[in-house]
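> The sequence isn't on hand, but the structure is:
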Ligand SMILES: [Zn+2]
């Protein structure tokens, strides 16, 4: 059994791309089907999110948001979540 390789940067939870638990997490969030079908896109750059390029999951405005594994998107997502209280 592989442990969850989740890291946290600010409010974002990051997952290793090949994490086998990722599918379970997405299922729990109710978005596995959408990710598997490529229906969701990166919150920052708009690239389609797949099981291969998913980089992080965070909550914003009460909704689950995904970012791709581009480091720029991960940091932008970290910035967004860090300043959400100043809205
Ligand atoms: Zn992106």
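Alright, I've got the coordinates. Keep in mind that this is a model prediction, so the values were computed, not measured.

> can you give me the helices for the chain?
Along the chain, counting by DSSP state H, helices occupy 21-29, 32-36, 71-82.

> what stretches of the protein score poorly on pLDDT?
1-19, 83-87 (pLDDT under 70).

> what does it have sitting close to the ion?
42, 44, 45, 47, 68, 70, 73 (C-beta under 5 Å from the ion). C-betas here are computed from N, CA, C, even on glycine.

> Swap in 6 Å and give it another go.
The interface of the chain toward the ion, taken as C-beta under 6 Å from the ion, is made up of 42, 44, 45, 47, 67, 68, 70, 73.

> Let me see the backbone angles for the first one.
Dihedral angles phi and psi of residue 42 (degrees, to the nearest 10) take the values phi -60, psi 130.

> Excluding chain neighbours, what is closest to it?
residue 68 (4.1 Å; C-beta to C-beta, 6 or more residues apart in numbering).

> Equivalent analysis for residue 65, please.
Nearest non-adjacent residue to residue 65 (C-beta to C-beta, 6+ apart): residue 43, at 4.3 Å.

> Might one say that that neighbour is in contact with residue 70?
No - counting by C-beta atoms under 8 Å, residue 43 does not reach residue 70; the two are 11.6 Å apart.

> Please identify which of the two sits among more neighbours.
Counted by other C-beta atoms under 10 Å, residue 43 and residue 70 do not tie: residue 43 has more neighbours, with 20 against 15.

> show me the contacts for that one.
By C-beta atoms under 8 Å, 6 or more residues apart in numbering, residue 43 lies in contact with 60, 65, 66, 67, 73, 77, 80.
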